[in-house]
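Q: What follows is a predicted protein model with its sequence.
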Amino acid sequence: MAKITPETVAERLERGDDDLRLVDVRDETDFREWHIPGSENVDVYDELKDDPDAAAEELADLPEHGEVVTICAAGVLAADATDLLQEQGHDAKTLVDGMNGWARVHRTAPLDVDLEGELIQVARPGTGCLSHVLISEGEAAVFEPSQYTEEYEAILEAHDADLAGVFDTHAHADHVSGGQKLAEIHDVPYYLHPADDDGIGAAHVEEGDGLEVGAVTIDVIHTPGHSPGSVTYALEDEALLTGDTLFHDSVGRVELGVDAGLEETDVEDNAETLYESLERLRTVEGDPLVLPAHDPGSPQPPVVARLSEVEERNEAFGQDRETLVAALAGDIPDQPANFERIKLANVGTKEISDEEADELELGPNRCAAE
């Protein structure tokens with residue numbers, strides 16, 4: 001059976017390869033919920049299971065153009081679709097591990113910053129997650145790492161840098177953090193605000209702390225609301241790593257910790273708190289890059305915007321207190337898949353296996369207020 005890896009598909013999409021045709025054979029509901037941008041849905045999932053001849057008839061309508069990549073959840077039924085398409089004369093391949101594999105893809109790009117070092121963005125197109133690696137004078141800091149720590153090990157090796165610390169802006173609700181794992185491998189601190197530590201045993205950071213990595217100072221700004229322990233890491237006046245407090249086009253949700261039973265506050269109080277945090281970010285000096293932990297689309301790095309740009313395009317960031325609180329508390333979007341178990345794992349309340357961690361992350365990102 002002909003196969004193609006998710007990494008290869010990501011590279012070709014990034015290049016704008018017009019010869020690639022992505023055909024998702026899952027049912028329409030699953031496709032609408034989460035799919036690779038640019039893919040088309042041919043809903044033959046049930047037919048592939050129960051009536052291959054009917055599936056062949058549906059697939060016969062595809063025009064013969066370019067290279068077809070079939071997609072399902074794990075690559076099993078898509079392989080059957082590939083066989084049918086090849087019998088019809090198509091150049092067809094199956095996406096290895098399907099959407100499960102797509103969720104594990106990481107893409108990197110350097111960012112244009114005026115620091116005594118380099119700042120590298122790591123994006124996961126399948127999940128919307130963004131993380132960052134700072135390299136300065138042979139030392140490195142990793143911010144918001146995914147559970148796939150080998151991606152960051154490769155960056156450290158390529159830059160011949162020693163890891164000095166791992167930083168999370170908060171205990172995430174939509175992806176399993178690799179922060180503690182990566183820190184333990186290198187015997188370095190894992191930094192987290194104490195309000196988001198319920199047994200992790202992290203090295204705690206709080207408002208006003210400053211940490212040195214190489215020649216770069218990392219300042220801690222406490223910006224709660226999305227989570228009690230949410231912080232923003234300021235890399236001098238060049239970059240703000242805002243976590244899920246401030247996105248380029250939205251702001252963080254305020255009900256996830258309440259719904260998970262981890263916070264004694266209510267949604268309205270959290271919304272008020274988030275407003276105050278956004279006010280703090282509005283008044284930082286200079287015009288730094290805003291680097292959130294997520295992008296609601298399917299990000300290909302670099303995903304960047306200056307603070308002044310965010311102020312212009314982000315309606316929620318400019319709203320008055322009453323309007324923002326009413327919007328955040330009154331119009332709750334769908335919750336991230338498995339967010340309660342993910343959140344409990346990331347604060348240290350619940351242990352999960354590597355296999356369970358993989359499964360928990362599947363699906364779209366939903367940590368931004370809509």
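A: That came in fine, so what should we check first?

Q: Could you identify the helix or strand that succeeds the lowest-mean-pLDDT helix or strand in the chain?
A: Least confident helix or strand of the chain, by mean pLDDT, DSSP states H and E, is helix 256-259 with a mean of 64. Using DSSP states H and E, the helix or strand that follows helix 256-259 in sequence is helix 267-282.

Q: Check what contacts that next one and list those residues.
A: 221-226, 230, 232, 240, 242, 245-246, 251-252, 254-255, 257-258, 263, 265, 307, 311, 317, 321, 324-325, 328-329, 332 (C-beta atoms under 8 Å, 6 or more residues apart in numbering). For glycine as for every other residue, the C-beta is placed from the backbone atoms N, C-alpha and C.

Q: Okay, buried residues for stretch 105-116 please.
A: 105, 106, 107, 108, 111, 113, 115 (16 or more other C-beta atoms under 10 Å).

Q: Please flag which of the contacts of helix 267-282 sit within strands.
A: If you go by DSSP state E, the contacts of helix 267-282 have 221, 222, 232, 240, 242 in strands.

Q: Quick check: the two most widely separated of these?
A: Using C-beta to C-beta, the ones in strands among the contacts of helix 267-282 reach their maximum pairwise distance at 222 and 240, which is 13.3 Å.

Q: More neighbours: which of these two?
A: More neighbours surround residue 240 than the other of residue 222 and residue 240, with 26 against 18 (other C-beta atoms under 10 Å).

Q: So that one sits against residue 310, correct?
A: No - judged on C-beta atoms under 8 Å, residue 240 makes no contact with residue 310 at a distance of 9.5 Å.

Q: Spell out which residues are contacts of both of these two.
A: Contacts common to residue 240 and residue 310, judged by C-beta under 8 Å, 6+ apart, are 246, 290.

Q: quick check: domain ranges of the chain?
A: Split into domains by automatic domain parsing, the chain comes to 3-102, 107-360.

Q: Can you pull up the most central residue in this protein?
A: The C-alpha lying nearest the average C-alpha coordinate of the chain belongs to residue 129 (C-alpha atoms, centre = their mean; 1.1 Å).

Q: any idea how far the nearest residue to that one once chain neighbours are set aside lies from residue 232?
A: The shortest distance from residue 129 to any non-neighbouring residue, by C-beta to C-beta, 6 or more residues apart in numbering, is to residue 175 (5.2 Å). Distance of residue 175 to residue 232, computed by C-beta to C-beta, to the nearest Å: 19 Å.

Q: try residue 30
A: Taken as C-beta to C-beta, the span from residue 30 to residue 232 is 35 Å.

Q: And these two? Which one has more around it.
A: residue 232 (24 against 17).

Q: Quick one: the helices in the protein, in order.
A: Ranges of helices within the chain are 6-15, 28-33, 45-50, 52-59, 76-87, 98-102, 150-158, 179-186, 256-259, 267-282, 307-313, 321-330, 339-347, 354-360, based on DSSP state H.

Q: Restrict the third one to CA atoms and write it as PDB.
A: Yep, that's helix 45-50 we're talking about. Output of helix 45-50 as PDB, limited to C-alpha atoms (Å, rounded to 0.1, in the frame of the first residue of the first chain):
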ATOM      1  CA  TYR A  45     -16.800   5.900   6.000                       C
ATOM      2  CA  ASP A  46     -19.800   3.500   6.400                       C
ATOM      3  CA  GLU A  47     -19.600   2.200   2.900                       C
ATOM      4  CA  LEU A  48     -15.900   1.400   3.300                       C
ATOM      5  CA  LYS A  49     -16.900  -0.700   6.300                       C
ATOM      6  CA  ASP A  50     -20.000  -2.300   5.000                       C
END
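
Q: same for it, what does it pack against?
A: helix 52-59, helix 76-87 (3 or more C-beta pairs under 8 Å, 6 or more residues apart in numbering; DSSP states H and E).

Q: tell me which residues in that helix are buried?
A: 45, 47, 48.

Q: Need the per-residue pLDDT for the first one.
A: Right, the one you point to is residue 45. Note on residue 45: pLDDT of 95.

Q: Now do the contacts for it.
A: Per C-beta under 8 Å, 6+ apart, neighbours of residue 45: 25, 26, 27, 72, 77.

Q: Would you agree the first one is in contact with residue 68?
A: Translated: residue 25. No - counting by C-beta under 8 Å, residue 25 does not reach residue 68; the two are 10.8 Å apart.

Q: For residue 342, grab the count of nearby residues.
A: Counted with other C-beta under 10 Å, residue 342 comes out at 25.

Q: gap between it and residue 191?
A: Counting by C-beta to C-beta, the gap from residue 342 to residue 191 is 19 Å.

Q: Kindly report the same for residue 18.
A: 44 Å.

Q: And the two? Which one has more around it.
A: More neighbours surround residue 191 than the other of residue 18 and residue 191, with 24 against 9 (other C-beta under 10 Å).

Q: bridging residues for the more buried one?
A: residue 167, residue 203 (DSSP bridges).

Q: Quick check, it in contact with residue 202.
A: Yes - taking C-beta under 8 Å as the definition, residue 191 is a contact partner of residue 202 at 6.4 Å.

Q: show me what contacts the residue of the chain positioned farthest from its centre?
A: The centre of the chain is farthest from one residue, residue 53, which by C-alpha atoms, centre = their mean lies 39.2 Å away. Contact analysis of residue 53 by C-beta under 8 Å, 6+ apart lists nothing.

Q: That one and residue 44, how far apart?
A: 11 Å.

Q: Extract the residue ranges of the stretch 201-350 of the chain that are flagged as low pLDDT.
A: 256-264, 331-337, 343, 347, 349 (pLDDT under 70).

Q: Thanks a lot, see you next time.
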